[in-house]
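# fold the following.
(one chain, ligands or ions: 2)
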Amino acid sequence: MATSARKVSLTGIKPTGEPHLGNLIGAIRPALELAERYDAMYFIADYHALTVLRDPELLRRYSRSVAATWIAAGLDPERITMYRQSDVPETFELTWVLSCVTGKGLMNRAHAYKAARDRNAETGKEDLDAGINMGLYNYPVLMAADILLMDSDVVPVGKDQSQHVEYAADIAGSFNHLFGGEHDKLKIPQPVVPAADTGRTLPGIDGRKMSKSYGNTIPLFVSESQLKKLVRRIPTDSTPVEDPKDPDSSSAFQILEQFATPDVTSDTRKRLEAGGMGWGDLKNLLFDVLNDQLGPLRARYDALMEPGSELDDVLAAGAEKARARARRVLRLVREATGIQ
Ligand code: ADP
Ligand code: TRP
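Numbering: from 1, shown residues only. Ligands and ions are numbered 1, 2, ... in the order given. Predicted coordinates for the structure are as follows:
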């Protein structure tokens, strides 16, 4: 068990799709290291997913699937805390209190809301708020509540989420200013960019960034035959087998680099550059490397996904621990505001 003297890191994961190789490289692997340095907490942000997801069966499946994926990928449930946001209803009490100290203008400037308005402008809509729900608009306040409720020290985020952590810090500052008295009631969180996040983006099977919104992903847990099919679909040029090739121009090589050992990667680079290795050979190698790595993960994942598996115990223990932290923070907030 992690000691309470360590700083607390909080990672939120939105369950909006089946996890894919890009998520593993860009989000899961960097987050695994946090457990070494922090008292690491991870939660499934199921209420955040509700801003976009309207299918109860899917939301249930993705929520469980995300938790199972992260554990299968290497999070040790003995050392970390994992919980579902919806198991911590204290979040919503704090969300309201924070809403009352948050300027509306701050929300108007939030990236996700602005992007949605820009899309409306681009498509010629007269009402720039068309199709934008209050969940999307309030999203940064809910995220601030997630963070502040756990008394988090650091929040590891990619570039797209750093504005939200700055907002959480701003909102905590406003609360402390208004209600802090002698001692700050809410801890000001710091964003951190995980060490392994070097801005590397994994390409998908059409060569663009792998993303579920492009439908070009290689999901982490597909059957061998499906995996083979997806790898075969990665585009290549028509350079003949015997000609020298530029490995860095190839999506298949860029994916291989992330999963193969350094020896295999450099050997493959040499063989492509020298000529004699075809793109088909590269794809066969990529399939073998992926299949070797994902096989054991898939077995663990399948076991965790079974109803009544160890996953339920992990989430129940996580919820209890998270709620205990939440209640401590809320008690201070209620006292400070005069609610009780
Ligand atoms: P998607 O683009 O499939 O919708 P998300 O936006 O839900 O993925 O991303 C969840 C996390 O996975 C983020 O931290 C993001 O940086 C990471 N991620 C997603 N796609 C990639 C990719 N192709 N390469 C690297 N990291 C990625
Ligand atoms: N907004 C984050 C995302 O889209 C998920 C998230 C919700 C989160 N609450 C959080 C991340 C709190 C860190 C801390 O990926």
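# my guess is residue 269 contacts residue 250. True?
No - here residue 269 lies out of contact with residue 250, judged by CB atoms under 8 Å, at a distance of 10.4 Å. The C-beta positions use only the backbone N, C-alpha and C, and glycine is treated the same way.
# these two - which one has more neighbours?
Legend: neighbour count by other CB atoms under 10 Å for residue 269 and residue 250, higher for residue 250 (23 against 18).
# run through who's touching the helix or strand where residue 267 lies.
Residue 267 belongs to helix 262-274 when assigned by DSSP states H and E. By CB atoms under 8 Å, 6 or more residues apart in numbering, the surrounding residues in contact with helix 262-274 are 244-247, 250, 253, 256-257, 260, 277, 282, 285, 289.
# my guess is residue 82 is in a strand, correct?
Yes - assessed with DSSP: H, G, I helix; E, B strand; the rest coil, residue 82 lies in a strand.
# show me what it bridges to in the sheet.
Residue 82 has these beta-bridge partners by DSSP bridges: residue 42.
# for residue 160, which non-adjacent residue is spatially closest?
Distances taken as CB to CB, 6 or more residues apart in numbering place residue 111 nearest to residue 160, at 7.4 Å, with adjacent residues excluded.
# what's the angle between the next helix or strand after the helix holding residue 267 and helix 262-274?
Per DSSP H and E, the first helix or strand lying C-terminal to helix 262-274 is helix 279-305. Put simply, helix 279-305 runs at 150 degrees to helix 262-274, going by axes from the mean of the first three to the mean of the last three CA atoms, to 10 degrees.
# secondary structure element holding residue 94?
Assigned by DSSP H and E, residue 94 falls within helix 90-99.
# C-terminal to that helix, what's the next element?
Heading C-terminal from helix 90-99, the first helix or strand you meet, by DSSP H and E, is helix 104-108.
# now that next one: mean pLDDT?
Averaging pLDDT along helix 104-108 gives 97.
# packing partners of that helix?
Packing partners of helix 104-108 (3 or more CB pairs under 8 Å, 6 or more residues apart in numbering; DSSP states H and E): helix 134-149, helix 159-179.
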